[in-house]
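Undergrad: When you get a sec, could you give me coordinates for this:
(one chain, ligands or ions: 1)
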Amino acid sequence: MRQKSVITPLYTSAGSVLFRNAMVLTMDCTDRLLVDTDVLVKDGRIATIGHGLDASPETRVVDASHHVLMPGLINAHVHSPANFLKGALDDAPLEMFMLYEVPPLAASPESAKLCRLRTLLGAAEMLKLGITSVHDDAFFNPIPTSETIDAVMQAYADAGIRASVSLDQPNVVEFDKYPFLEDLLPEDLHRHMECAPRQSDAELLKLYNGFIEKWHGAAEGRLRCSVSCSAPQRVTVPYFEALTALSAKHDIPFIVHILETRLQRVLGQEKYGKSLVRYVHDLGLLDERKVVVHAIWIDDDDIALLAASGCTVAHNPISNLKLGSGVMPWRELRDAGIPICLGSDEAAVDDTANMWGVAKAAGLIHKITDPEWTNWPRASEILHDLFVGGARGMGLAGTIGRIEPGYAADLVLVDLDTIAFTPLNDVRRQLVFCETGSSVELTMVDGRIVYESGKLATIDETQLRAEIREIMGEYGAVLEETRRQADRLAPFYREMYRQTLRRPVGMNRWVGKHEEED
Ligand SMILES: [Zn+2]
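TA: Residues are numbered from 1 along each chain as shown. The predicted model follows:
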C-alpha cells in the first residue's frame with residue numbers, strides 16, 4: 001500500500017527545536033500573549049518557555065522574531081471521504097445533497113488507493129494551513145472494509161498530522177432515516193433501497209474492535225480512534241448502545257450529528273414524538289464523550305439537556321451556510337456552559353479545509369441573528385473554541401491546543417511581516433479576521449516539522465496531485481453513476497422536503513423569514 005514516490009518518511013526522532021524571540025499566543029488558562037519569548041521543544045513536547053534560553057549544539061534554533069508562535073489549529077469535525085468533492089455539487093439542502101455524496105443505492109466498496117489518496121490530499125491541505133489536528137468522521141460508500149479503513153489510517157500516519165478517526169456508518173434502511181420518504185417511494189426504488197449493502201450491528205462492532213486494536217495510539221500516539229453513529233436516526237438502538245459502551249470503555253469521543261436541519265426536527269416529532277436531543281437523552285446515551293455536531297434546530301430544553309450531559313458541540317458555520325441549514329444558537333450554547341469546537345465538515349460543503357475561514361465565518365455569522373452586539377462572538381472567544389474547544393472535542397484536553405510545558409509540540413509559526421498583519425493592531429482579531437493561512441511559515445506536529453517555507457516534509461505534493469488526476473478517471477465513472485441514481489431519487493426527496501416545510505416546529509433558525517403554515 002505504501003507509495004514511496006508520494007511519501008517521505010518522517011525522521012524517527014523529533015529532536016530539539018528552539019523558537020527564539022517569538023510573540024507567543026499561549027491559549028493558556030489566563031490567555032497570555034507573550035512577547036520576545038523563547039520556546040524550547042524537546043522529544044515532541046513543549047519543554048521550556050522563557051527568555052534567553054540556552055540551546056545545545058544539536059538543537060535547531062529558529063529565529064521567530066516578527067512571528068507569532070501559536071498552537072496548531074484543530075479541525076474538530078471533518079469527513080475526509082468527501083475530499084475529492086470540492087466544487088463538485090450544486091448547493092442544496094442536506095437531504096438532497098447527501099444523495100450525491102453518500103449514494104443510498106451504491107453497490108461496491110471504493111478502492112483502498114482512492115481512500116489513501118483523498119486522505120493524503122486533505123492532510124496536505126491542512127498541514128500547509130497550520131492545521132495540526134483533525135477529527136475525521138470517515139464514512140465509507142457503501143460499507144467499510146479493513147483495507148479501506150487501513151488506507152485512511154496509514155495515510156494519516158504517513159502525512160505526519162495528528163488524527164482521530166471514527167467510522168461513520170449508518171446501518172438502517174435509507175428510508176427509515178427520514179420522515180414521509182417510505183410512503184413516497186415507488187415500489188422499485190423501495191425494494192432497491194432495502195437491498196442496498198449495509199452491515200449488521202455485529203459486523204460493524206467487529207470492524208470497530210479491530211480498528212481500535214490496530215490503530216488507537218498508533219504512530220507514537222499521534223493516531224487515535226473515536227466512535228460514531230453518524231446520527232441517532234441512522235442506526236439501530238442496540239448498535240447505538242454498543243458504540244456508547246465502546247466509547248466509555250476506551251474513554252474516546254463519540255461523534256453524533258443531531259438536529260442539523262429543520263427536516264430532522266420534523267423527523268424527531270414524527271418518528272419519536274420528541275426532539276432528537278431528547279430522544280438520545282431518554283435512551284440514556286447523552287454523555288460527556290459525545291461530540292454533538294451542528295445542534296442548530298435545538299430548543300431551550302435541548303440546550304439544558306446538552307449542558308447537563310457535559311458533551312461538546314461541533315460548530316461548522318461554512319457547511320451550515322452552504323447547505324442553508326440555519327444558524328446554530330452559539331451564544332445560548334456558550335452561556336449554558338457547553339464547550340464548542342469548530343470544524344470545516346467536509347470538502348463538499350466547505351470546499352476547503354481552511355480553519356482560518358471557518359474561524360472568520362464563526363466570528364461573523366452570529367452577528368445577523370441578534371441586534372444586541374454584546375452577544376456577538378469576540379475574536380478571543382472564537383480562538384477559545386478553535387483551540388480549547390477543539391482539544392476537548394478530540395478528547396485531548398490537557399495534551400494539545402495550548403503552549404505550555406508538557407503539552408504536545410503541535411505548533412504553527414505565523415509570519416507577522418505580511419499584509420494580514422501590517423499594521424499590527426490586535427493580533428487576536430487579525431488572526432481571526434485577516435489571516436487566510438497564507439502567513440503560515442512552519443507547521444510542527446508532535447515536535448516534528450512537517451511543513452516549512454512552502455514545502456511539505458512528508459508528502460511529495462506534485463506527485464500526489466498527479467496520482468489524484470490519474471485516479472479521477474476511475475472515480476469519475478463512480479461519480480457519474482452516483483449522479484444518475486441520485487437524479488432518479490431526487491423528486492421523492494424534494495417532495496419529502498416540501499412536506500416537512502408544512503409541519504410546524506415552533507422555531508426558526510433561518511435568518512430569513514419562514515412562516516409555518518399550520
Ligand atoms: Zn459532519
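Undergrad: Residue 431 contacts residue 379, correct?
TA: Yes: with contact defined as Cβ atoms under 8 Å, residue 431 and residue 379 form a contacting pair (7.3 Å). Placement of C-beta: from N, CA and C, glycine included.
Undergrad: So between these two, which is more surrounded?
TA: Comparing residue 431 with residue 379 by neighbour count (other Cβ atoms under 10 Å), the higher total belongs to residue 431, at 24 against 18.
Undergrad: Name the nearest residue to that one, sequence neighbours excluded.
TA: Closest residue to residue 431 apart from its sequence neighbours, by Cβ to Cβ, 6 or more residues apart in numbering: residue 383 at 6.8 Å.
Undergrad: Then residue 495?
TA: residue 184 (5.5 Å).
Undergrad: The one you found - how many residues pack around it?
TA: 17.
Undergrad: same thing with residue 482?
TA: Neighbour count of residue 482, defined by other Cβ under 10 Å: 19.
Undergrad: check which helix or strand covers it.
TA: helix 461-501 (DSSP states H and E).
Undergrad: And that helix, how far out from the chain middle?
TA: 21 Å (Cα atoms, centre = their mean, to the nearest Å).
Undergrad: pLDDT on that helix, on average?
TA: In this model, helix 461-501 has a mean pLDDT of 93.
Undergrad: What segments of the stretch 1-150 of the chain are helices?
TA: In order along the chain, the stretch 1-150 of the chain carries the following helices (DSSP state H, counting those that start in this stretch): 94-101, 112-128, 146-159.
Undergrad: would you list those in a markdown table and tack on mean neighbour count and mean pLDDT?
TA: Formatted as a markdown table, those follow (neighbours: other Cβ atoms under 10 Å; pLDDT from 0 to 100):
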| stretch | mean neighbour count | mean pLDDT |
| --- | --- | --- |
| helix 94-101 | 21 | 90 |
| helix 112-128 | 24 | 97 |
| helix 146-159 | 22 | 97 |
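Undergrad: nearest to residue 365, of those?
TA: helix 94-101 (17.2 Å; Cβ to Cβ).
Undergrad: Which strands or helices does that closest one pack on?
TA: Helices and strands touching helix 94-101, as assessed by 3 or more Cβ pairs under 8 Å, 6 or more residues apart in numbering; DSSP states H and E, comprise helix 461-501.
Undergrad: Which helix or strand in this protein has the lowest average pLDDT?
TA: Between all helices and strands in the chain, the lowest mean by mean pLDDT, DSSP states H and E belongs to helix 94-101, at a mean of 90.
Undergrad: Let me see the residues that make contact with the helix or strand containing residue 206.
TA: Per DSSP H and E: residue 206 is located in helix 201-215. Applying Cβ atoms under 8 Å, 6 or more residues apart in numbering, the contact partners of helix 201-215 are 144, 146, 149-150, 153, 165, 167, 169, 171, 199, 223-225, 227, 236, 238-239, 242-243, 246, 250, 252.
Undergrad: any idea of the mean pLDDT for it?
TA: In this model, helix 201-215 has a mean pLDDT of 97.
Undergrad: contacting residues around the helix or strand that that helix is followed by?
TA: Downstream of helix 201-215, the first helix or strand assigned by DSSP H and E is strand 223-225. With contacts defined as Cβ under 8 Å, 6+ apart, strand 223-225 is touched by 153, 156-157, 162-166, 211-212, 215-217, 250, 252, 394-396.
Undergrad: pLDDT below threshold where in the protein?
TA: Applying pLDDT under 70 to the chain flags the ranges 1-5, 9-14, 106-107, 513, 517-518.
Undergrad: before we move on, the earlier item: check the gap between the residue nearest to residue 495 and residue 30 for me.
TA: Distance, residue 184 to residue 30, using Cβ to Cβ, to the nearest Å: 57 Å.
Undergrad: Who are the contact partners of the most centrally placed residue in the chain?
TA: The structure's the chain has its C-alpha centroid closest to residue 77; by Cα atoms, centre = their mean the separation is 1.4 Å. Shown in contact with residue 77 (Cβ under 8 Å, 6+ apart): 135, 137, 255, 291, 293, 314, 316, 341-345, 393.
Undergrad: For the stretch 201-350 of the chain, which segments are assigned as helices?
TA: 201-215, 237-250, 262-267, 276-282, 300-309, 317-322, 330-335.
Undergrad: angle of the second one against helix 201-215?
TA: In this structure, helix 237-250 runs at an angle of 20 degrees to helix 201-215, with axes from the mean of the first three to the mean of the last three Cα atoms, to 10 degrees as the basis.
Undergrad: okay, helix 237-250 in PDB with CA atoms only?
TA: Extracted C-alpha coordinates of helix 237-250, given in PDB (Å, rounded to 0.1, in the frame of the first residue of the first chain):
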ATOM      1  CA  VAL A 237     -30.700   1.300  19.100                       C
ATOM      2  CA  PRO A 238     -28.600  -1.700  20.100                       C
ATOM      3  CA  TYR A 239     -25.700  -0.500  17.900                       C
ATOM      4  CA  PHE A 240     -26.000   3.000  19.300                       C
ATOM      5  CA  GLU A 241     -25.900   1.500  22.800                       C
ATOM      6  CA  ALA A 242     -22.900  -0.800  22.000                       C
ATOM      7  CA  LEU A 243     -21.000   2.100  20.500                       C
ATOM      8  CA  THR A 244     -21.600   4.200  23.600                       C
ATOM      9  CA  ALA A 245     -20.300   1.400  25.700                       C
ATOM     10  CA  LEU A 246     -17.200   1.200  23.400                       C
ATOM     11  CA  SER A 247     -16.600   4.900  23.800                       C
ATOM     12  CA  ALA A 248     -16.800   4.600  27.600                       C
ATOM     13  CA  LYS A 249     -14.600   1.500  27.700                       C
ATOM     14  CA  HIS A 250     -11.800   3.300  25.800                       C
END
